[in-house]
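1. Prediction below, plus the sequence it came from.
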Amino acid sequence: MSTTAATRPTAPSARTGAVTATVRSTRAELLRLRAWPAVWITLGAWLALSLMFGYLFTYLSYTTGDPGFADEGTTREQQLAELLPTAVPDVFLQGMPMFGGALMMVLGALVAGSGYGWGTWKTVFSQGVRRGPAVVGSALALSAFVVATLLVTLAFDLGVSLVITASEGHDVVLPSTGAVVESLGVGFLVLETWALVGFALGTLARGPALSVGLGLVWALVVENLLRGVGQLLGWVEALTEVLPGTAAGSLVGALVGAGEGDGTPGVLDTVPATRAALTLVAYVVVALVLSAALVRRRDVS
Amino acid sequence: MDDMAPTVASTDNLTRVYGDRVAVDRVTMTVRRGEVYGFLGPNGAGKTTTLRMLLGLVRPTSGSAYATSPVGALIEGPGFFPYLSGRANLRTLARHRGFDDAEVERVLERVDLASRADDRFKGYSLGMKQRLGVAAALLGDPELVVLDEPTNGLDPAGMADMRALVVDLARGGQTVLLSSHLLAEVQEICDRVAIIHEGRLLHEGSVAELRGGVSLRVRAAPEDEALAVAMRLAGDDGVARTPDGALQLALRPERAPRVVRDLVAAGVDVHEVTAVERSLEDVFFEMTTHHVTSPTDPSSHHTTEEVPA
Ligand SMILES: Nc1ncnc2c1ncn2[C@@H]1O[C@H](COP(=O)(O)OP(=O)(O)O)[C@@H](O)[C@H]1O
Ligand SMILES: [Mg+2]
């Protein structure tokens, strides 16, 4: 290996193929992520939240007959329908555009950003590990956790729903495979987008704190404000349509229904589903390319 | 060391500028296979920046750097996942590079960390953290191991352990590039040294070469007559007066009897004659004070003061 002012520094052992190197780095990142309490705390928080908002309040409202727990104006029949297994594909998605997304963004920022403070990226790159494959490997390991989150959430929701159905003495009717697969796909796209946006922010800031803070304020506050202003100003509206939160909310809204005025926060009907999905794919690609380019170009210190 | 041994790392007019600060200034050096190469300089001299460029972590502003492959390195302190054990940390590094877990066990043994390998990194003492950093650098038995101030922050016992480890590596034929701001340390374990100060390489050579042999220290009275005798024997430039009033003569110790005879013959009382070996420390101070002292201000020399002509 030789580094000069004219050429980009390349890792000393740039002999192995890019695919092999990426697979190795993915395995390495999986190993350290699965032993990281922060990962499990994030997943646990998401499960607790989705259970609370997806089932607990509806169930309490249904059993006590007190409408204070659930959306106003829903009948007991509607409440029951939301608790049954056939509603799982919808309930599963509802919290994802906002709360699930926010948590995944935190996770992504932690995965990419904490290695700078700890000096672990420096240690990895000092041993001649290639930078591009290492970053992509890290993002792939993060994506594996996104998939795991989706599957665990689905299993959890189904389990809770089956228990409620049985305890209320109703017949079990499972959702169609098509509906489940569709929900999983949409859920993956939404959570993956936020996770990789967090990953890119953590890389950009070279630390988790700033990126988590800014990312959360953006996702939970700024986007909502912009959407509010957008209803008054045309050019702001055009801008809000390409925001990740708008795209995620619209994609989920297209599946579960939105706009009746009493919807879940973050679930929207602003953009058509196809455009929303393409916007999310674009965010995933841009976030990954940006992260890899940053790490490859920058000095490691 | 063997002058003909193959080069495992080298730089050619390597330069790095940060803003208007030249961190590394046209450094040219060569590390050969099988040697322990000391890279010496005070804090901020540009050691870490040079090593980073050698490893491809930092881009040079101009000039070039070459390092063999594979190379392992511990740069500016150990960086590991605090929540993982030492063993798990090494396993993630091994996965990145496609090594199996047996290799992890080998390096853990090598740095004597096997018994604490399952403790979390964040509970390690600084000495253990540094040893884990060395273990990471040894993964895959690289041709060159770069250790950037591995004794930094360690207590005397930890420093001794680390020195013993480097000596041990050297005995096994491992090529080591070791940076330090502690001259005494490098002097004991290195074959060759380079001295860097304010980004510039002041010298590169064998430790013996750098020390430039030994000199004689003489305390005698009256001083003026002793000085006259000393200058006759060692030449005008071969005599220096030390701060405590002794004379330092650039003569080999075998000349001591002659010096004593001449001093006594001149009626001078001889209180002390000792052979003094110049340490790298002396050499370093001579070089750096030369470097920082303006020609009009010779009074700020560190250990020796030149006798006015
Ligand atoms: N990333 C950086 N940005 C600005 N200045 C730097 C950077 N890295 C090093 N320097 C400066 O370069 C000089 C050499 O630093 P360094 O190579 O770390 O020295 P050493 O390792 O010998 O202590 C110092 O003055 C330091 O402040
Ligand atoms: Mg340093």
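-> Noted; the coordinates are in hand. Ligands and ions are numbered 1, 2, ... in the order given.

2. Wasn't B:Ser179 part of a strand?
-> Yes: applying DSSP: H, G, I helix; E, B strand; the rest coil, one finds B:Ser179 inside a strand.

3. Just to check, it is in contact with B:Glu149?
-> Yes: counting by C-beta atoms under 8 Å, B:Ser179 does reach B:Glu149; the two are 5.5 Å apart. Every C-beta, even on glycine, is put in place using the N, C-alpha and C of the backbone.

4. tell me, what's touching these two both at once?
-> Here B:Ser179 and B:Glu149 share the contacting residues B:Lys47, B:Thr48, scored by C-beta atoms under 8 Å, 6 or more residues apart in numbering or on different chains.

5. tell me the strands in chain B, going along the chain?
-> Assigned strands in chain B, in chain order: B:7-18, B:21-32, B:36-40, B:62-67, B:71-74, B:144-148, B:175-180, B:192-197, B:200-206, B:214-221, B:239-241, B:247-249, B:269-277, B:305-306 (criterion: DSSP state E).

6. Can you point out the buried residues in the third one?
-> Burial within strand B:36-40, assessed by neighbour count using 16 or more other C-beta atoms under 10 Å in any protein chain shown, is assigned to B:Val36, B:Tyr37, B:Gly38, B:Phe39, B:Leu40.

7. and what of the first one?
-> In terms of neighbour count (16+ other C-beta under 10 Å), strand B:7-18 has its buried residues at B:Val8, B:Ala9, B:Ser10, B:Thr11, B:Asp12, B:Leu14, B:Thr15, B:Arg16.

8. Convert that strand to CSV, retaining C-alpha atoms only.
-> Taking C-alpha atoms only, strand B:7-18 is exported to CSV below (Å, rounded to 0.1, in the frame of the first residue of the first chain):
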residue,chain,number,x,y,z
THR,B,7,11.9,-2.1,3.9
VAL,B,8,8.5,-2.6,5.6
ALA,B,9,7.6,1.0,6.0
SER,B,10,8.9,4.2,4.7
THR,B,11,8.0,7.9,4.1
ASP,B,12,9.3,10.3,1.6
ASN,B,13,9.1,14.0,2.3
LEU,B,14,5.9,13.3,4.1
THR,B,15,4.0,16.5,5.1
ARG,B,16,0.7,17.2,6.7
VAL,B,17,-0.6,20.7,7.3
TYR,B,18,-3.5,21.6,9.6
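
9. what angle separates that strand from strand B:175-180?
-> 30 degrees (axes from the mean of the first three to the mean of the last three C-alpha atoms, to 10 degrees).

10. what does strand B:7-18 rub up against?
-> So strand B:7-18 is contacted by B:22-33, B:46, B:49-50, B:53-54, B:58-68, B:71, B:143-144, B:146, B:175, B:177 (C-beta under 8 Å, 6+ apart).

11. And the buried ones among the residues you listed, selectable in ChimeraX?
-> Buried subset of these, written as a ChimeraX selection, criterion 16+ other C-beta under 10 Å:
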select /B:22,23,24,25,27,29,31,32,33,46,49,50,53,54,58,59,60,61,63,64,65,66,67,68,71,143,144,146,175,177
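
12. of the buried residues of strand B:7-18, list those near ligand 1.
-> For ligand 1, no contacts are drawn from the buried residues of strand B:7-18 by C-beta under 6 Å from any ligand atom.

13. And the pLDDT for A:Ala81?
-> Per-residue pLDDT puts A:Ala81 at 86.

14. Contact partners for it?
-> When contacts are counted by C-beta under 8 Å, 6+ apart, A:Ala81 touches A:Ala87.

15. can you tell me the helix or strand for it?
-> Using DSSP states H and E, A:Ala81 falls within helix A:76-83.

16. Let me have the strands of chain B in JSON lines, adding distance to A:Gln79 and mean pLDDT as columns.
-> Converted to JSON lines, those look like this (distance: least, C-beta to C-beta, whole Å; pLDDT from 0 to 100):
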{"stretch": "strand B:7-18", "distance to A:Gln79": "64", "mean pLDDT": "97"}
{"stretch": "strand B:21-32", "distance to A:Gln79": "67", "mean pLDDT": "97"}
{"stretch": "strand B:36-40", "distance to A:Gln79": "73", "mean pLDDT": "95"}
{"stretch": "strand B:62-67", "distance to A:Gln79": "68", "mean pLDDT": "97"}
{"stretch": "strand B:71-74", "distance to A:Gln79": "61", "mean pLDDT": "97"}
{"stretch": "strand B:144-148", "distance to A:Gln79": "65", "mean pLDDT": "98"}
{"stretch": "strand B:175-180", "distance to A:Gln79": "69", "mean pLDDT": "96"}
{"stretch": "strand B:192-197", "distance to A:Gln79": "75", "mean pLDDT": "93"}
{"stretch": "strand B:200-206", "distance to A:Gln79": "78", "mean pLDDT": "91"}
{"stretch": "strand B:214-221", "distance to A:Gln79": "95", "mean pLDDT": "87"}
{"stretch": "strand B:239-241", "distance to A:Gln79": "97", "mean pLDDT": "85"}
{"stretch": "strand B:247-249", "distance to A:Gln79": "97", "mean pLDDT": "88"}
{"stretch": "strand B:269-277", "distance to A:Gln79": "91", "mean pLDDT": "88"}
{"stretch": "strand B:305-306", "distance to A:Gln79": "95", "mean pLDDT": "39"}
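
17. contacting residues around B:Lys47?
-> Listed by C-beta under 8 Å, 6+ apart, the contact set of B:Lys47 reads B:Phe39, B:Gly41, B:Asp148, B:Glu149, B:Ser179, B:His181, B:Ile196.

18. out of the contacts of strand B:7-18, which touch ligand 1?
-> B:Ala23, B:Gly46, B:Thr49.

19. Near the residue of the stretch 101-250 of chain A found nearest chain B, how many other residues are there?
-> Taking C-beta to the nearest C-beta as the measure, the point where the stretch 101-250 of chain A comes nearest chain B is A:Gly119, at 2.2 Å. Using other C-beta atoms under 10 Å in any protein chain shown, A:Gly119 has 20 neighbouring residues.
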